[in-house]
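Asks: using only what follows, build the 3D model:
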Amino acid sequence: MKTIAIFERICGFMVMLLFISPACKENEDPVPTNDYPKSIRQVLSDQVFLNKLAGAGLTITEDNPGYRNYFMLKGVYRLQHTCVSDNRTPKNLNSTYADYRLDLALAPAGNSVSYMTDDNLDRSTKIDSITVHVDSKLNFTVFFRAAGISNNISYEALWIISGKSPQLQPNSPLPLESMYDCYVILSKGPDPDNKVADVGTVRIFKDPAGSTQAIAASISKPLISEAGLRLSRPKLLTGH
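Replies: Presented below is the predicted three-dimensional model:
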């Protein structure tokens, strides 16, 4: 009788495994919940996260209101992108990505930011929560929350852009130096082909050129698309 009872228990346990296993398989790669910030406020208060950015070369500027209140920067810049950090897909390190056109208008009276690729397949559709830090050496960091479209997939992300301006109040668009940018994917629409990076992805890029010249003073007029070769590069938000 003992043998029969033990056999029945083993059979019952195996049946339970049959029901439990599929549920586990569906979530074998769960989205992390606590290892990335969900807002600009969390970015600024999470020293562990800031240390990770600094370790990849992207240093958050300590804000000096005395300089920020006189800081003006306006221009369209083409940023080259080499991946220097990816928390979800390390194989992306040192990969070269599509160039982005970054439109910056930073001034005491208000700030605006937008971005897009030459083919317009990656672009911002809504920008809010813009925060700007400037220090006495004219290093600056811009934080914002963006809604965008990448390869026809909608997404929301936090963006951080860091660099240096050579003058306090330029009368015309000037080069930007030591440019880094980073995004944190907060959400995305249906993406069966994994065209956009996973939620929770923190990907950091460096402009390998070191200095980026302004290509226009305003993005109000369409810019001529350049070099078809650039369009073949993977987009910044591409999935695995």
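
Asks: check what pLDDT Glu26 gets.
Replies: Glu26 is assigned a pLDDT of 33 by the prediction.

Asks: tell me where this structure has strands.
Replies: Assigned by DSSP state E, the chain shows strands spanning 73-86, 96-107, 110-116, 122-134, 139-150, 153-164, 176-188, 202-206, 211-212, 214-216.

Asks: out of those strands, which is the most enclosed?
Replies: Of all the strands of the chain, strand 202-206 has the most neighbours on average by mean count of other CB atoms under 10 Å, namely a mean of 24. C-beta here means a position set from N, CA and C on the backbone, and glycine is covered the same way.

Asks: that one to strand 176-188, inter-axis angle?
Replies: For strand 202-206 against strand 176-188, the angle by axes from the mean of the first three to the mean of the last three CA atoms, to 10 degrees is 160 degrees.

Asks: which other helices and strands does strand 202-206 contact?
Replies: Packed against strand 202-206 by the contact rule (3 or more CB pairs under 8 Å, 6 or more residues apart in numbering; DSSP states H and E) you find strand 73-86, strand 176-188.

Asks: pairing partners for the first one, with directions?
Replies: Read that as strand 73-86. Using DSSP bridges, the strands paired with strand 73-86 are strand 96-107 (antiparallel), strand 202-206 (antiparallel), strand 214-216 (antiparallel).

Asks: re the thing from before, redo the strands of the chain as JSON lines? Include mean pLDDT.
Replies: Listed next are the strands of the chain as JSON lines, based on pLDDT from 0 to 100:
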{"stretch": "strand 73-86", "mean pLDDT": "90"}
{"stretch": "strand 96-107", "mean pLDDT": "87"}
{"stretch": "strand 110-116", "mean pLDDT": "90"}
{"stretch": "strand 122-134", "mean pLDDT": "91"}
{"stretch": "strand 139-150", "mean pLDDT": "94"}
{"stretch": "strand 153-164", "mean pLDDT": "95"}
{"stretch": "strand 176-188", "mean pLDDT": "94"}
{"stretch": "strand 202-206", "mean pLDDT": "95"}
{"stretch": "strand 211-212", "mean pLDDT": "85"}
{"stretch": "strand 214-216", "mean pLDDT": "80"}
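
Asks: can you lay out the ones you listed as JSON lines showing distance to Lys38?
Replies: Formatted as JSON lines, the strands of the chain follow (distance: least, CB to CB, whole Å):
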{"stretch": "strand 73-86", "distance to Lys38": "19"}
{"stretch": "strand 96-107", "distance to Lys38": "24"}
{"stretch": "strand 110-116", "distance to Lys38": "20"}
{"stretch": "strand 122-134", "distance to Lys38": "12"}
{"stretch": "strand 139-150", "distance to Lys38": "10"}
{"stretch": "strand 153-164", "distance to Lys38": "8"}
{"stretch": "strand 176-188", "distance to Lys38": "6"}
{"stretch": "strand 202-206", "distance to Lys38": "12"}
{"stretch": "strand 211-212", "distance to Lys38": "30"}
{"stretch": "strand 214-216", "distance to Lys38": "33"}
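
Asks: select, out of those, the one closest to Glu62.
Replies: Proximity to Glu62 (CB to CB) singles out strand 122-134 among the strands of the chain, at 7.0 Å.

Asks: understood, closing this out.
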